[in-house]
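**Q** just to be clear, the model below is a prediction. Sequence and coordinates:
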Amino acid sequence: LEMAEKTLIQMYRGGIFDHIGGGFSRYSTDKYFLVPHFEKMLYDNALLLMAYTQAYSLTGKEIYREVARKTAQYIQREMTDSHGGFYSAQDADCQGVEGKYYVFACEELTSLLGESAGKKFNEYFNITGEGNFEGGSIPNRLNDDLEEEMLQEAEGDYSHTEPERLLPKVYAYRKHRHSLFLDDKILTSWNGLMIGAFARMYRVFGQESYLRQARAALEFLERKMTGKDTLFVSCRQGRCQGKGFLADYALYIFGLIELYGGALEQKYLEQAELYCRKALELAVKWVYAADSTMQMPYKDNLQSLIHEPSFRFALDSKTWEKLPFIIKLGNLAVHTERSISADDALISLRSLFEFLQWVEYCYGSDYKERAFDEKLIPSEKAVIDVKKAKEQESLLEEKNAEIEALCKQIQEMSAQYTAKKGQNQQ
């Protein structure tokens with residue numbers, strides 16, 4: 001935790017965090033987090049929102065709430081479509097020069113704010129005559145001690161310092177001075193992450209606007225980027241395209257589960273299970289089509305998943321990093337304090353093990369060593385290898401028995417958990 005806190009605080013101090021407008025740039029080019037690559041990505045800010053929110057939840061230190069608040073404010077005013085979806089990115093360049101949008105000169109701010117206020121502002125954000133980036137200064141707080149109260153477990157308004165109060169004026173000036181290119185694509189996967197981030201912020205901070213933001217984005221995805229239980233990859237100016245990849249399903253489901261965790265409304269969990277089943281169905285069809293001894297009846301629906309390299313990696317490495325949501329869904333169904341039945345968990349876990357059975361059937365016990373080869377995908381329907389199918393029958397029966405045993409164990413664990421919870425309440 002100490003290491004994580006040191007990194008989070010240093011990132012906030014540095015120029016990788018936009019002290020004028022909020023939000024984080026893509027990455028730092030130095031070990032101090034001073035000079036970033038100035039491009040801002042939706043997914044980076046979603047992940048960092050969750051990191052700072054979690055840090056506040058664990059420590060109660062106000063600095064983490066403040067960084068999360070400023071980052072969320074940036075997303076709401078610059079990266080949100082009027083219909084609720086979230087845009088993808090803002091460019092690093094301005095008029096062909098990287099970082100030009102973000103840097104300032106000392107005299108520029110004293111002219112804007114007045115001599116006295118401008119000098120204080122420059123000192124507060126380390127804006128100097130010599131600069132720290134190609135003659136200009138990236139606002140940062142690397143050389144200053146943060147206000148002591150921000151590092152304590154206390155609530156308060158930390159916009160009380162004069163430089164902080166002047167930020168809206170500097171922000172408006174910067175926005176008028178230059179403009180940034182906006183990548184206004186709305187991507188399902190990245191929106192799922194940001195929905196999850198806002199839902200988690202609501203759960204921790206209790207601010208209703210965060211819940212409204214998460215719901216608005218989800219409603220946009222439901223209206224524009226879903227069809228017949230299928231997800232699209234992207235949407236721009238009302239036009240959606242591309243059948244969803246596995247990452248689109250995984251992160252959309254992640255957003256739904258996080259939204260359920262915040263709003264505690266059953267419909268979000270039901271939607272998560274629906275799309276989880278759809279993702280597993282598509283994944284099974286992919287494996288089904290990839291084996292040269294199997295029929296391929298789903299060719300028209302397989303193009304996106306067949307060419308999804310991250311899914312091939314998951315198969316080859318047996319890590320299943322692209323399928324964490326199914327386990328999370330099962331865990332949530334068993335352990336939530338809401339009245340979700342244990343059957344929901346059993347269904348979720350059963351679907352995962354059924355999928356593993358299909359992998360075992362198509363690839364054999366050494367499938368992790370077998371690299372994907374598109375030449376194995378038949379151009380026409382192939383005949384099922386009956387001998388191979390018969391050889392696998394006993395194995396499948398054994399796997400079914402293992403699943404039943406596992407389900408029984410989970411039921412017992414759930415009963416023990418319920419009983420223990422009842423005892424604790426007494």
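**A** Here it is on my side, so go on. Numbers count the residues shown, from 1 in each chain.

**Q** use CA for all of it now, contacts and neighbours both
**A** Will do.

**Q** lowest average confidence, helix or strand, in this protein?
**A** helix 303-306 (a mean of 36; mean pLDDT, DSSP states H and E).

**Q** any idea how far the closest residue in space to residue 120 that isn't next to it in sequence is from residue 104?
**A** Spatial nearest neighbour of residue 120, chain neighbours left out: residue 163 (6.8 Å); criterion: CA to CA, 6 or more residues apart in numbering. Counting by CA to CA, to the nearest Å, the separation of residue 163 from residue 104 is 15 Å.

**Q** and residue 55, by the same measure?
**A** Taking CA to CA, one finds residue 55 at 31 Å from residue 104.

**Q** in stretch 192-209, what's buried?
**A** Neighbour counts using 16 or more other CA atoms under 10 Å place 192, 193, 194, 195, 196, 197, 198, 199, 200, 201, 202, 203 of stretch 192-209 among the buried residues.

**Q** in TSV, list the residues you listed along with distance to residue 74.
**A** Below are these laid out as TSV (distance: CA to CA, whole Å):
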residue	distance to residue 74
192	18
193	16
194	13
195	15
196	17
197	14
198	13
199	16
200	17
201	15
202	16
203	20
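
**Q** using a markdown table, lay out the residues you listed together with distance to residue 176 and secondary structure.
**A** Listed next are these as a markdown table, based on distance: CA to CA, whole Å; DSSP: H, G, I helix; E, B strand; the rest coil:
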| residue | distance to residue 176 | secondary structure |
| --- | --- | --- |
| 192 | 31 | helix |
| 193 | 30 | helix |
| 194 | 27 | helix |
| 195 | 30 | helix |
| 196 | 32 | helix |
| 197 | 30 | helix |
| 198 | 29 | helix |
| 199 | 32 | helix |
| 200 | 33 | helix |
| 201 | 31 | helix |
| 202 | 32 | helix |
| 203 | 36 | helix |
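
**Q** residue boundaries of the strands in the stretch 151-300 of the chain?
**A** 182-183, 186-187, 226-227, 230-236, 239-243 (DSSP state E, counting those that start in this stretch).

**Q** partners of the last one in the sheet?
**A** Taking DSSP bridges as the criterion, strand 239-243 sits next to strand 230-236 (antiparallel) in its sheet.

**Q** touching the partner strand from outside, list them.
**A** Residues from elsewhere that reach strand 230-236 (CA atoms under 8 Å, 6 or more residues apart in numbering): 184-189, 224-226, 240-245, 248-249, 275, 278.

**Q** again with stretch 96-114
**A** Here stretch 96-114 has contacts from 37-38, 92-94, 116-119, 121-122, 127-129, 131, 133, 136-139, 170, 174, 178-180, using CA under 8 Å, 6+ apart.

**Q** stretch 187-198 too?
**A** With CA under 8 Å, 6+ apart, stretch 187-198 has contacts from 42-43, 45-47, 49-50, 72, 85-88, 210-211, 213-215, 217-218, 221, 225, 231-235, 247-259.

**Q** stretch 8-22: end-to-end distance?
**A** Stretch 8-22 has its terminal residues 15 Å apart, counting by CA to CA.

**Q** just for the stretch 151-300 of the chain, where's the confidence low?
**A** Scanning the stretch 151-300 of the chain for pLDDT under 70 picks out 151-160, 229, 283-300.

**Q** which stretches of it form helices?
**A** 162-165, 167-177, 188-205, 208-224, 246-263, 266-290 (DSSP state H, counting those that start in this stretch).

**Q** distance to residue 61 added to these, as TSV?
**A** As requested, these are exported to TSV (distance: least, CA to CA, whole Å):
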stretch	distance to residue 61
helix 162-165	19
helix 167-177	23
helix 188-205	12
helix 208-224	20
helix 246-263	21
helix 266-290	31
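
**Q** and the ones you listed, which is most packed in?
**A** helix 188-205 (a mean of 26; mean count of other CA atoms under 10 Å).

**Q** that one vs strand 230-236, what angle?
**A** 90 degrees (axes from the mean of the first three to the mean of the last three CA atoms, to 10 degrees).

**Q** okay, the angle between helix 188-205 and helix 246-263?
**A** Using the same axes, to 10 degrees: helix 188-205 against helix 246-263 is 20 degrees.

**Q** just the CA trace of helix 188-205, in CSV.
**A** What follows is helix 188-205 as a C-alpha-only set of coordinates in CSV (Å, rounded to 0.1, in the frame of the first residue of the first chain):
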residue,chain,number,x,y,z
THR,A,188,-17.9,0.0,-26.2
SER,A,189,-14.9,-1.5,-24.3
TRP,A,190,-13.5,1.9,-23.0
ASN,A,191,-17.0,3.1,-22.2
GLY,A,192,-17.5,-0.1,-20.1
LEU,A,193,-14.4,0.8,-18.1
MET,A,194,-15.6,4.4,-17.5
ILE,A,195,-19.1,3.3,-16.5
GLY,A,196,-17.5,1.0,-14.0
ALA,A,197,-15.3,3.9,-12.7
PHE,A,198,-18.2,6.3,-12.2
ALA,A,199,-20.3,3.5,-10.6
ARG,A,200,-17.4,2.8,-8.2
MET,A,201,-17.0,6.5,-7.4
TYR,A,202,-20.7,6.7,-6.5
ARG,A,203,-20.4,3.7,-4.2
VAL,A,204,-17.4,5.2,-2.4
PHE,A,205,-18.2,8.9,-2.4
